[in-house]
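Trainee: sequence plus the predicted model coming up.
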Amino acid sequence: MIPLLSQIKSGGKPLIWMLLMTSLSLKTGAVKVQIHPRSVVKHVNESLELVCTALDCQDEPKYTWRGILDTIIGGKMESGQKSSRRVYNQLTIEDEKTILCKVNCGGHGQATANVKVYSFPSDPVLSRLNHSTLMCRVSSLYPVHMFKLEWLRGETVISRWEDSVDYEKRLQDIRSLYTPSEEDLGKNITCRVTLSLDGVPEDRKVRSVTAQYGPAFLTTSSNTTVKIGERLELKCDADGKSSITWRKLEKSEAIPITTNRVHVIEKATSAHAGVYECEASAELASRRSRVSVTVKAPPMNSTVLVYPSTQVMEAQNITIHCSTVSFPPASITLSREGNEPGSPSPNGIFHLFNITSEDTGTYMVNFTNELGYETLTIEIMVKGPPNAPIIRLNQTGNPKAGDNVTIICDSDFPLRLNISGASLNQVEKHGSSVSVNLPSIQLRDSGLYHCEARNAFGSKRSSVNVTVRAPPMNSTVLVYPSTQVMEAQNITIHCSTVSFPPASITLSREGNEPGSPSPNGIFHLFNITSEDTGTYMVNFTNELGYETLTIEIMVKGQQSILTKTLIPSVSSVSLLTAAALLMRRLIRSKKKDSFGPSLDDALEVL
């Protein structure tokens with residue numbers, strides 16, 4: 001009894017399998033799902049498109065394609081707003097399965113499609129195994145248990161193929177042997193193969209081959225591939241009643257070679273490749289068989305042609321035509337010396353578009369097959385301005401003040417190079433490298449330096465920005481209006497320094513913590529009093545060091561007018577007189593833009 005799994009694979013439908021298929025085919029949930037086609041039979045390597053459509057979705061549907069039991073399926077999903085497609089460009093045996101399309105759009109639904117795949121690509125081949133046995137062979141069949149092979153004499157079935165059934169999911173060949181009898185001489189012998197699978201087009205279900213047995217039966221050599229220089233034998237076998245003629249088929253004629261059953265080529269060359277025909281002739285009929293001879297050879301007689309020339313101007317295009325003689329056909333690649341080869345050209349033609357001087361150099365064309373290779377080189381010269389030179393420092397990062405710095409400029413080829421910029425006088429040299437030394441570099445040397453490469457077709461320039469780092473130096477502090485002021489006045493302190501990176505500038509009173517840095521180095525002291533008298537420190541700091549300057553600020557207090565408690569003996573008249581004189585002096589001082597005499601001076605006047 002054939003196992004259950006075998007029944008399933010062979011098209012049987014046990015109850016369990018039928019129930020499973022029925023349940024998977026039902027639409028579930030509130031969404032109706034339609035799949036087309038629901039059942040399809042396709043040949044291996046054919047294309048297939050399954051379309052899954054949700055019929056009553058309120059929301060945008062989301063589609064999922066899977067196999068039964070959530071298995072992975074082939075093909076590529078292409079979804080739109082209304083439907084989803086599962087596209088198979090080339091079906092394989094592994095694509096034969098039940099496919100499930102699930103839809104989610106508020107509700108759920110699903111539908112299934114049953115995909116069957118078969119392989120029946122070619123007619124059977126009828127050959128003579130030996131003098132007394134015929135063999136019918138048919139290749140790449142699937143599913144093999146669905147095929148039937150029969151031998152016929154004319155229209156009468158004389159034998160059937162019987163063999164153990166193999167249910168493996170793979171392409172398989174079947175062959176059957178038949179021993180002709182005297183009755184078969186001069187009759188048409190047919191090998192017919194039939195596929196019994198529903199859904200296969202009728203014209204693809206049956207393939208057959210027919211040959212006349214006698215008066216001559218012919219077989220020819222199967223090993224017809226040799227390497228160049230090897231010995232080759234072409235054999236033609238027929239029954240004893242037949243005469244043999246070997247011919248080589250050229251483009252316009254067939255050239256007779258020999259009447260021997262064996263045609264020997266002692267040392268094969270490329271010229272021996274081609275199609276040979278053996279004709280076995282008998283009294284009543286003849287039979288011909290063709291043999292293709294392949295002579296494998298490494299690349300030879302290779303040529304490379306460059307258009308318009310190997311010397312061109314910048315922005316032109318170059319086309320390189322490469323050819324060789326070889327079999328198997330050589331892979332042809334183009335590479336620049338020192339670089340990896342690029343992709344092979346299918347026709348041996350390479351294009352270099354809009355070339356520049358950077359494309360100047362040696363190029364190699366490599367012709368390669370399994371037997372060997374041949375390499376040709378070409379020199380391409382592109383006329384144009386030089387490549388931009390490379391300008392750099394002899395150290396990484398920004399130099400510190402006092403470092404010895406060398407500016408170096410390199411080019412691909414010896415050229416006229418010059419370096420200029422910032423505090424440097426122009427330095428010029430002919431060569432592939434030029435350098436300039438800046439001993440004990442300073443902040444004044446910061447700036448942009450240039451290197452220019454020049455030839456007869458133009459020039460190219462490169463630049464490098466040199467930034468010298470230095471701690472604060474040459475710092476200054478200016479106090480306005482003065483370091484000695486009267487109470488209630490304002491003071492502005494202007495601070496500056498020379499440094500890179502820019503210094504952080506803070507002001508602090510001696511004994512106190514520094515305040516917040518000033519972004520512009522300016523500090524204001526408003527409405528000062530005598531309590532602001534003291535020593536102040538301005539600190540200039542960056543990552544490389546610091547510098548501190550001190551200033552002394554003196555605040556003078558306003559002296560009070562003497563009261564009668566200080567001079568009780570002075571009469572009121574005397575006091576009025578003194579007051580009048582004091583006011584007069586103060587008014588006169590104000591006109592002179594001075595602070596005027598002190599109270600002690602006024603008293604001296606009195």
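Mentor: It's in.
Trainee: what's the strand ranked longest in the chain packed up against?
Mentor: When the chain is scanned for its longest strand (criterion: DSSP state E), the result is strand 286-307. In terms of contacts (3 or more Cβ pairs under 8 Å, 6 or more residues apart in numbering; DSSP states H and E), strand 286-307 is packed against strand 219-220, strand 225-227, strand 232-237, strand 274-281, strand 318-327, strand 361-369, strand 372-383. Using the backbone N, CA and C atoms, a C-beta is placed for each residue, glycine as well.
Trainee: buried stuff in the second one?
Mentor: When you say that, I think you mean strand 225-227. Val226 (16 or more other Cβ atoms under 10 Å).
Trainee: what strands flank that strand, and is each parallel or antiparallel?
Mentor: Applying DSSP bridges, strand 225-227 is found paired with strand 286-307 (parallel).
Trainee: so which residues of the stretch 501-606 of the chain form helices?
Mentor: For the stretch 501-606 of the chain, the helices defined by DSSP state H, counting those that start in this stretch occupy 572-591, 599-605.
Trainee: neighbours around the residue lying closest to Gln395 once chain neighbours are set aside, how many?
Mentor: By the measure of Cβ to Cβ, 6 or more residues apart in numbering, the closest residue to Gln395 outside its immediate chain neighbours is Val405, 6.9 Å from it. When neighbours are defined as other Cβ atoms under 10 Å, Val405 has 18 of them.
Trainee: pull out the buried residues from the strand or helix carrying Ser462.
Mentor: Assigning secondary structure by DSSP states H and E places Ser462 in strand 458-466. Buried residues in strand 458-466, defined by neighbour count with 16+ other Cβ under 10 Å: 460, 462, 464, 466.
Trainee: just checking, the second one touches Ala388?
Mentor: Read it as Ser462. Yes: under the criterion of Cβ atoms under 8 Å, Ser462 makes contact with Ala388 at 5.0 Å.
Trainee: test my guess that Glu78 contacts Trp65.
Mentor: No: with contacts counted by Cβ under 8 Å, Glu78 stays clear of Trp65, the gap being 10.7 Å.
Trainee: between those two, which contacts overlap?
Mentor: Shared contacts of Glu78 and Trp65 (Cβ atoms under 8 Å, 6 or more residues apart in numbering): Ser84.
Trainee: which of the two has more neighbours?
Mentor: Taking other Cβ under 10 Å, Glu78 and Trp65 do not tie; Trp65 has more neighbours (22 against 12).
Trainee: which residues does the more buried one form beta bridges with?
Mentor: Taking DSSP bridges, one obtains Cys101 as the residues bridged to Trp65.
Trainee: thought it was touching Cys101?
Mentor: Yes: judged on Cβ under 8 Å, Trp65 makes contact with Cys101 at a distance of 5.7 Å.
Trainee: now the stretch 1-150 of the chain, which segments are flagged as low pLDDT?
Mentor: 1-29, 131 (pLDDT under 70).
Trainee: please, where are all the strands along it?
Mentor: With DSSP state E, counting those that start in this stretch as the criterion, the stretch 1-150 of the chain has strands at 33-36, 39-43, 48-54, 62-67, 76-79, 83-88, 97-105, 107-118, 125-130, 133-141, 147-153.
Trainee: make TSV from these and add distance to Leu376 to it.
Mentor: Formatted as TSV, the strands of the stretch 1-150 of the chain follow (distance: least, Cβ to Cβ, whole Å):
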stretch	distance to Leu376
strand 33-36	58
strand 39-43	46
strand 48-54	48
strand 62-67	52
strand 76-79	43
strand 83-88	45
strand 97-105	53
strand 107-118	48
strand 125-130	44
strand 133-141	42
strand 147-153	53
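Trainee: tell me which of the buried residues of strand 458-466 is nearest to Gly372?
Mentor: Distances from Gly372 to the buried residues of strand 458-466, taken as Cβ to Cβ, are shortest for Lys460 (43.5 Å).
Trainee: not counting sequence-adjacent ones, nearest residue to the closest one?
Mentor: Per Cβ to Cβ, 6+ apart, closest to Lys460 is Ala388, 4.2 Å.
Trainee: how deep is that neighbour tucked in, by neighbour count?
Mentor: Here the number of neighbours of Ala388 (other Cβ under 10 Å) works out to 17.
Trainee: ditto for Gly515
Mentor: Look at Gly515: counted by other Cβ under 10 Å, it has 11 neighbours.
Trainee: so who does the nearest residue to Ile265 once chain neighbours are set aside touch?
Mentor: Spatial nearest neighbour of Ile265, chain neighbours left out: Leu232 (4.2 Å); criterion: Cβ to Cβ, 6+ apart. Leu232 makes contact with 224, 226, 264-265, 268, 272, 293 under the criterion Cβ under 8 Å, 6+ apart.
Trainee: make CSV out of those residues and add pLDDT and distance to Glu370.
Mentor: Shown next, in CSV, are the contacts of Leu232 (pLDDT from 0 to 100; distance: Cβ to Cβ, whole Å):
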residue, pLDDT, distance to Glu370
Thr224, 83, 17
Val226, 88, 14
Val264, 89, 26
Ile265, 88, 21
Ala268, 89, 16
His272, 88, 19
Val293, 90, 18
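Trainee: what's the PyMOL line that selects buried ones from those?
Mentor: For the buried members of the contacts of Leu232, the matching PyMOL selection, counting by 16+ other Cβ under 10 Å, is:
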select buried, resi 224+226+265+268+272+293
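Trainee: need the max-distance pair from the contacts of Leu232.
Mentor: Every pair of the contacts of Leu232 checked by Cβ to Cβ; the farthest is Thr224 and Val264, at 13.5 Å.
Trainee: now the common contact residues for the two.
Mentor: 232, 234.
Trainee: rank the helices of the stretch 501-606 of the chain by pLDDT, which is bottom?
Mentor: Among the helices of the stretch 501-606 of the chain, helix 599-605 has the lowest mean pLDDT, at a mean of 31.
Trainee: which residues touch the strand holding Ser462?
Mentor: Contacts with strand 458-466, where a contact means Cβ under 8 Å, 6+ apart, come from 384-393, 398-399, 405, 407, 409, 421-422, 441, 445-453.
Trainee: quick check: mean pLDDT across that strand?
Mentor: Strand 458-466 comes out with an average pLDDT of 85.
Trainee: OK, contacts around the residue nearest to Ala488 when sequence neighbours are not counted?
Mentor: Nearest residue to Ala488, sequence neighbours excluded (Cβ to Cβ, 6+ apart): Asn527, at 5.6 Å. By Cβ under 8 Å, 6+ apart, the contact list for Asn527 reads 488-490.
Trainee: nearest to Ile189 among those?
Mentor: The nearest member of the contacts of Asn527 to Ile189, counting by Cβ to Cβ, is Asn490 at 125.2 Å.
Trainee: once you drop chain neighbours, what's closest to the closest one?
Mentor: Closest to Asn490 by Cβ to Cβ, 6+ apart is Phe526, at 5.0 Å.
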